[in-house]
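>>> quick one: sequence plus predicted model below, questions after.
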Amino acid sequence: MSVSAPLIVRLLASSVSVAGRAGKIVRDVMSKGELGIVEKGKDDYQTEADRSAEKCIVASLSKQYPKASIIGEEDSSVEEGEVSPDWIVVDADKEVLGLECPASLKGVKEEDIVVWVDPLDGTSEYTQGFLEHVTVLIGISVNEKPVAGVIHQPFFKNQTGGEVKMGRTIWGLSEIGVGGFTPAPPPGSLIITTTRSHSNPVVEKALQVMNAAQVLRVGGAGYKVLQLLEGQASVYVFASPGCKKWDTCAPEAVLSAAGGKLTDILGNFYKYGASASKPNKTGVLAAVNDELHSYALNRIPQELKDTLANK
């Protein structure tokens, strides 16, 4: 790896490479058919893919960036020698390594960085066969703000010259933009993306006031933000405390780098410092641009905002 590249660029390049390796682990577990499902709580599952992919990511990034704080959904503590050498990734994506680093991030030190990891976003969908919803998320924050992120789709099929290659990796860097695909303009009519399996009356009320032409119900915060980036949806609305910081750090970083916006339902940005509360208690509101975000924010009644804020 080029040590001459600024730290944030190197970390993003490493994250792109390790996300691809974690995605292969996710596919391998599925292909073997032994998912090793554990129920952590009501409608909250963990599989062997969650556990193994997180160990791969945490071990790989900790080896290269030992002073950075790395917070994973499965809270994996990785002991020396515990992880298969085949899971330790020290490569870095060459395209990302060549990026210009924003001036505001050139002086960042490892101690300033918090990495939020969701090794398998959309676990419920993974166990039910909705594999296109599954993503691997690595979000990088500095001074509590997401500045870079990776969204990897393990089951995305790339058709190249008759050969099918599995997996797609999309990345974003603040002030620079996104890579791995070309963002599409928003649809001509208002299309909302929201939760597939975690609805309730407050969630439904927030959807009804949008006057949307269509509501898409899918799994995973990463996949919902991909729908915004790909022009399949205009706004992502989830008026519930169901998401966590590892669900939204990478998607927020990538969406922001593409010109979009992700906040809570009240319009406030979440903070992603090492000591931040993990649950996103006041929901998620995201859009492909400021105009659509403002429209959605203004449509939500104050009463509904107060209900969520006081939960």
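Noted; the coordinates are in hand.
>>> now R217. Nearest residue, chain neighbours left out?
R196 (4.5 Å; CB to CB, 6 or more residues apart in numbering). No exception for glycine: its C-beta is placed from N, CA and C like everyone else's.
>>> can you check A92 too?
Leaving aside its sequence neighbours, A92 sits nearest to A13 (CB to CB, 6+ apart; 3.7 Å).
>>> ramachandran coordinates for the one you found?
Here is the backbone geometry of A13 (degrees, to the nearest 10): phi -60, psi -40.
>>> got the contact list for it?
Residues in contact with A13 (CB atoms under 8 Å, 6 or more residues apart in numbering) are 1, 5, 92-94, 96-97.
>>> domain ranges for the protein?
The chain breaks down into these domains under automatic domain parsing: 7-179, 191-309.
>>> any idea which of the ones you listed scores lowest on pLDDT?
Ranked by mean pLDDT, the domains of the chain end with domain 7-179 in last place, scoring a mean of 89.
>>> distance across that domain, terminal residue to terminal residue?
18 Å (CA to CA, to the nearest Å).
>>> got the residue ranges for the helices in the stretch 101-250 of the chain?
Using DSSP state H, counting those that start in this stretch, the helices assigned to the stretch 101-250 of the chain run over residues 123-128, 201-208, 221-229, 245-257.
>>> so what does the first one touch, helix or strand wise?
Same thing as helix 123-128. Using 3 or more CB pairs under 8 Å, 6 or more residues apart in numbering; DSSP states H and E, the elements in contact with helix 123-128 are strand 44-46.
>>> kindly report the same for the third one.
Where contact means 3+ CB pairs under 8 Å, 6+ apart, helix 221-229 is packed against strand 113-121, strand 135-142, strand 145-160, strand 191-195, strand 214-218, strand 235-238, helix 245-257, strand 284-287.
>>> so which of those comes closest to A206?
strand 235-238 (5.5 Å; CB to CB).
>>> pairing partners for the closest one, with directions?
strand 191-195 (parallel), strand 284-287 (antiparallel) (DSSP bridges).
>>> comparing these, which comes out most buried?
strand 284-287 (a mean of 25; mean count of other CB atoms under 10 Å).
>>> after that strand, which helix or strand is next?
Downstream of strand 284-287, the first helix or strand assigned by DSSP states H and E is helix 290-299.
>>> run the chain-centre distance for the following helix or strand past that following helix.
Sequence-wise, the next helix or strand downstream of helix 290-299 (DSSP H and E) is helix 302-309. Taking CA atoms, centre = their mean, to the nearest Å, one finds the center of helix 302-309 at 26 Å from the center of the full chain.
>>> what helices and strands are in contact with helix 302-309?
Looks like helix 302-309 contacts helix 201-208 (3+ CB pairs under 8 Å, 6+ apart).
>>> which elements pack onto the helix it packs on?
Looks like helix 201-208 contacts strand 191-195, strand 235-238, helix 302-309 (3+ CB pairs under 8 Å, 6+ apart).
>>> quick one, the last one and helix 201-208 angle?
Just to be clear, that refers to helix 302-309. Going by axes from the mean of the first three to the mean of the last three CA atoms, to 10 degrees, helix 302-309 is angled at 140 degrees with respect to helix 201-208.
>>> look up how far Q208 lies from the residue nearest to A92.
Distance, A13 to Q208, using CB to CB, to the nearest Å: 43 Å.
>>> what's the answer for L131, then?
Counting by CB to CB, the gap from L131 to Q208 is 30 Å.
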